[in-house]
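Visitor: Compute the structure for the input listed below.
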Amino acid sequence: MYTNKVLILEGEKSILNGFNTLRKIIKINSFLILNIIIFILFIIICILLLILKKNTNYIIELSQNNNYLNQKINKQFDFIEVKLQILEENQKILSNNKKIITNHRNNLYYLLSSVEILGYNKIRIGRKADGGYILLNDFNNIKIAYSFGISSEITFEKELADKNIDIYMYDHTINKLPFENSKFHWKKIGLCGKKKSEQNMKTLYEFIKENGHLKEVNMILKIDIESYEWEVFQYLPFNIFRQFKYIIGEFHFNDSEIEYDNILKRILVTHRIFHAHCNNCGEMINLKGLKICRALEISFIQKEGYKFTKDNNIYPIEDLDYKNCEGEDLNYIINLFNKYTNN
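Guide: As a prediction, the model looks like this:
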């Protein structure tokens, strides 16, 4: 009996020890599981944060792309709108071509119209044939002249030299001058409008700089370079225009692609036409519906210091205008130009 009680007590004690051991195991495992759960949650949070950051960057990038696309679309709409306006204008031009031609004629004739200069008379410098040009009887403070396109005729330059004016002369198509003069400074170099790689071509600015004349004023420019004059005046800086009291030369109208109107407007910013002469060595042509002589000799005077009035002369003017060649005198066209002047 006693033995049985002892066995029962030992059994109960063993059971209690087992429960205590199990409780300890569960406690330890619960702590480990909790740590594992916390670690997993940490990993999940990190992953979510990375996903959120990536999505945020994507949203920002998407927003930027949308702004770019909106700007591009707006530009395209603006471009289309401009194109539509141009198309509309072109349709107007095409539907009224005759009127456009008339306006072109009126505009170019107006730009070529001449004025009289109060207080001064016109004089001819050079021979009474091809090679002579019209200036004013005003040579005050003129010490320097530039002459481009010499060929074999230099009576104009000779008369300027007789007035104690130094003439800087250039022509890359000749090997020497017809005759020498102490006032002549000649080089075998040609004139161009834009800087070129050719060694025998320079711009007017380059010539002036090379000769130390960048601060000179009241100079004379004579130019006869067979249509290349338009390129020269198209790219010539306005400060160079202002260095010349007179700009005279032969202007050739033989290329319908040249924007004669716009180039003449550049010259007329600083100068006015006071004489024009039709070179009858070239024929009368039709330029975009405009009747004009192929080669026109024009004399410009700088605006500053002069007063102008309407030119009421009937061309050709006696003792000033002489035919360049044998044949018909074409100067009647100058009278047509002057109908469009308003001073």
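
Visitor: Ramachandran coordinates for H271?
Guide: With angles defined as degrees, to the nearest 10, H271 sits at phi -130, psi 160.

Visitor: Next up, the contacts around it.
Guide: F241, I247, F300, I301, Q302, K303 (Cβ atoms under 8 Å, 6 or more residues apart in numbering). Where C-beta positions appear, they are placed from N, C-alpha and C, glycine not excepted.

Visitor: Was I right to think the last one contacts R272?
Guide: Yes - proximity of K303 to R272 meets the contact threshold set by Cβ atoms under 8 Å, at 5.7 Å.

Visitor: between the two, who's got more neighbours?
Guide: Neighbours were counted for K303 and for R272 using other Cβ atoms under 10 Å; R272 has more, 18 against 14.

Visitor: wait, is that one part of a strand?
Guide: Yes - assigned with DSSP: H, G, I helix; E, B strand; the rest coil, R272 falls within a strand.

Visitor: what's the pLDDT at it?
Guide: The model reports R272 with a pLDDT of 96.

Visitor: Likewise for I334?
Guide: On pLDDT, I334 comes in at 87.

Visitor: One more: L49?
Guide: Looking at L49, its pLDDT reads 79.

Visitor: Same question for N4.
Guide: In this model, N4 carries a pLDDT of 54.

Visitor: can you give me the helices in the stretch 151-300 of the chain?
Guide: For the stretch 151-300 of the chain, applying DSSP state H, counting those that start in this stretch gives helices covering 155-162, 204-210, 229-235, 238-241, 260-267.

Visitor: Quick one, which of these gets closest to I36.
Guide: Nearest of the helices of the stretch 151-300 of the chain to I36, taken as Cβ to Cβ: helix 229-235 at 82.6 Å.

Visitor: For the closest one, enumerate the helices and strands it packs against.
Guide: Secondary-structure packing of helix 229-235 (3 or more Cβ pairs under 8 Å, 6 or more residues apart in numbering; DSSP states H and E): strand 190-192, strand 244-252, helix 260-267.

Visitor: With just CA atoms, put the second one into CSV.
Guide: What follows is strand 244-252 as a C-alpha-only set of coordinates in CSV (Å, rounded to 0.1, in the frame of the first residue of the first chain):
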residue,chain,number,x,y,z
PHE,A,244,30.7,106.2,-96.7
LYS,A,245,29.4,109.6,-97.7
TYR,A,246,28.9,108.4,-101.3
ILE,A,247,28.0,104.9,-102.5
ILE,A,248,27.9,104.7,-106.2
GLY,A,249,28.0,101.8,-108.6
GLU,A,250,26.4,99.6,-111.2
PHE,A,251,23.5,97.5,-109.9
HIS,A,252,22.5,94.5,-112.1
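
Visitor: tell me the average confidence for that strand?
Guide: Here strand 244-252 scores 96 as its mean pLDDT.

Visitor: Also the shortest one?
Guide: Along strand 190-192, the predicted local confidence has a mean pLDDT of 95.

Visitor: what's the answer for stretch 305-313, then?
Guide: In this model, stretch 305-313 carries a mean pLDDT of 93.

Visitor: Any idea how far that stretch is from the middle of the chain?
Guide: 32 Å (Cα atoms, centre = their mean, to the nearest Å).

Visitor: any idea how far D171 is from the nearest residue to N262 once chain neighbours are set aside?
Guide: Spatial nearest neighbour of N262, excluding adjacent residues (Cβ to Cβ, 6 or more residues apart in numbering): Q234 at 8.0 Å. Remark: distance between Q234 and D171 (Cβ to Cβ, to the nearest Å) = 21 Å.
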